[in-house]
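# I'll drop the sequence and a predicted model, then ask my questions.
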Amino acid sequence: MLPKMNPVYDYIQRNRVLAKIEKAHGSKATNLALDDHDLLKFPPSLISCEQLCYLNIGHNRIAELPKSLGCLKNLHNLCLEYNNFDRFPEVLKDLPQLTSLNISHNPIKDLTRIIGCLTSLETLWCNRCCLTSLPEEIGNLVKLDTLGARHNQITKLPDGICNLVHLRWLTLEDNHLYTVPKDFDKLQSLIHLNLTGNKFNFIPSNISKLKQLKYLHLRFNEFFSVPESVLSTMTAVKINLLHNPLTLTNDIDMMFPNVITTNKQLEEDVAVDSDSSSDWENSLASSDLNYSGTESESDDEDILMEIPKLSKFLVTF
C-alpha cells in the first residue's frame, strides 16, 4: 500500500502540475517536464498540449498511459523512467514518430513485439527493468543510434539486433550474456560497446571485425586469458579488461598498450587522454533527453504564487 501523502503537499503538487500544463497549453510550449511530482496517474489535460515535442514524466508513480496518448502527434521524445509500469505500454504503438524513449527503472519484464512499431526510434533506454530478453522485433528499429539495456537479466541477444546497422552506442552492462549473434559484425557503425558485468570468457571474433569500434568495456567478466591473435586485430580499440581473473597481464600490457588490465594503467590512460569524449568513453546516464530549457526556478515560483487562484481547479489525477 502506498503511503498517504500530506494533504497540503498533495494540494500543492496537483495544482503545480495543473498550472504547468495550462501554461504549456497557453504558450504552445514544445517542452514540458513533470518529473518528480508524485503523480499517480497520467494527467488527462496533458492531451490538450498537442504541440509537445518533449515530455518528461519520469520519477513519478504512474502505472499506465491513456489510450488518447496517440493524439500527441508531435511528440518525439518521451521519458517514463522511474515509474510503476509493469508492462510495456501498448499505447506507445500509436506514437510511431517517437525518436527517443526512456522506460528505464520500471518493473517491465518484456518489451513485447510492440517495440517493433516504433520504427523512428533513434534512442532507446530500458535500463534496470526486469528484462530476460530483447524481442526479435528490436531489429525493426533500423534508425537506432543508441541502445541502453543495463542491469537486466538478459541471457541471449536476438538475431534481429544485427539489423541495427546505424547503431553507434550499445551498453548491455550487468546482464548474463556470454556471446553475441553470429552476424554481430554487421554493426559496422558501432563505436562504443559496453559488456561489463556479463559472463564472457573470450572476445567473439565478430566483435574484432567491427571497424569503427573505439571502446570495448569487458570489466567484471570471466577472462583468464586473451589470445594475442585476437588483440592484434584490435589495436585501434581501447579494451578495458579490469576485474577479470587474467594471468600474464604484464605480457598483455607490454604488447598492447590499448588494453587496460590494471587500475594504475587506467589512471595513466585518463591522464594522457583527458580530452577524450565522455559520451563515448564512458557509459551515458539513463536519459539523454535535455529539458534544461523547459522551465526555470522562477517559473516554479510564479506557479506557487498562483496556487490560491487555482483552487477551484483542484483535480484528482
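Now that the structure is in, tell me what you want to look at. Since the structure is predicted, the reported quantities are computational estimates derived from the model, not experimental observations.

# now Asn163: closest residue in space, sequence neighbours ignored.
Spatial nearest neighbour of Asn163, chain neighbours left out: Gly139 (3.8 Å); criterion: CB to CB, 6 or more residues apart in numbering. In short, each C-beta sits where N, CA and C put it, glycine included.

# per-residue pLDDT, the one you found?
Per-residue pLDDT puts Gly139 at 98.

# quick one: secondary structure of it?
Per DSSP: H, G, I helix; E, B strand; the rest coil, the local secondary structure of Gly139 is helix.

# and the protein, what are its domains?
1-152, 168-283 (automatic domain parsing).

# quick check: which of those domains is buried the most?
Per residue and on average, the most neighbours among those fall to domain 1-152, with a mean of 18 (mean count of other CB atoms under 10 Å).

# what about stretch 185-204, average pLDDT?
Throughout stretch 185-204, pLDDT has a mean value of 98.

# end-to-end on that stretch?
Across stretch 185-204, the straight-line distance between its terminal residues is 10 Å, by CA to CA, to the nearest Å.

# lowest-confidence stretch among the domains of the chain?
The lowest average pLDDT among those, as it happens, falls on domain 168-283, at a mean of 87.

# so which of the domains of the chain gets nearest Pro158?
The closest of the domains of the chain to Pro158 is domain 1-152. By CB to CB, the value is 4.5 Å.

# quick one: the closest one to chain centroid distance?
How far domain 1-152 lies from its chain's middle: 12 Å, per CA atoms, centre = their mean, to the nearest Å.

# kindly report the same for stretch 230-250.
Mean C-alpha position of stretch 230-250 versus that of the full chain (CA atoms, centre = their mean) differs by 27 Å.

# dump it to PDB, restricted to CA.
Taking Å, rounded to 0.1, in the frame of the first residue of the first chain, the C-alpha atoms of stretch 230-250 are listed here in PDB:
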ATOM      1  CA  VAL A 230      42.600 -11.500 -31.300                       C
ATOM      2  CA  LEU A 231      44.200  -8.500 -29.600                       C
ATOM      3  CA  SER A 232      46.500  -7.900 -32.600                       C
ATOM      4  CA  THR A 233      43.400  -7.300 -34.800                       C
ATOM      5  CA  MET A 234      42.000  -4.700 -32.400                       C
ATOM      6  CA  THR A 235      44.900  -2.300 -31.800                       C
ATOM      7  CA  ALA A 236      42.800   0.800 -32.500                       C
ATOM      8  CA  VAL A 237      40.200  -0.200 -29.800                       C
ATOM      9  CA  LYS A 238      40.500   0.700 -26.100                       C
ATOM     10  CA  ILE A 239      39.700  -2.500 -24.400                       C
ATOM     11  CA  ASN A 240      39.000  -2.400 -20.700                       C
ATOM     12  CA  LEU A 241      39.600  -5.800 -19.000                       C
ATOM     13  CA  LEU A 242      39.800  -4.700 -15.400                       C
ATOM     14  CA  HIS A 243      38.500  -7.100 -12.700                       C
ATOM     15  CA  ASN A 244      38.900 -10.300 -14.700                       C
ATOM     16  CA  PRO A 245      40.800 -13.400 -13.400                       C
ATOM     17  CA  LEU A 246      43.600 -12.800 -16.000                       C
ATOM     18  CA  THR A 247      47.000 -14.300 -15.900                       C
ATOM     19  CA  LEU A 248      50.100 -12.900 -17.600                       C
ATOM     20  CA  THR A 249      48.800  -9.300 -17.500                       C
ATOM     21  CA  ASN A 250      52.300  -7.900 -17.800                       C
END
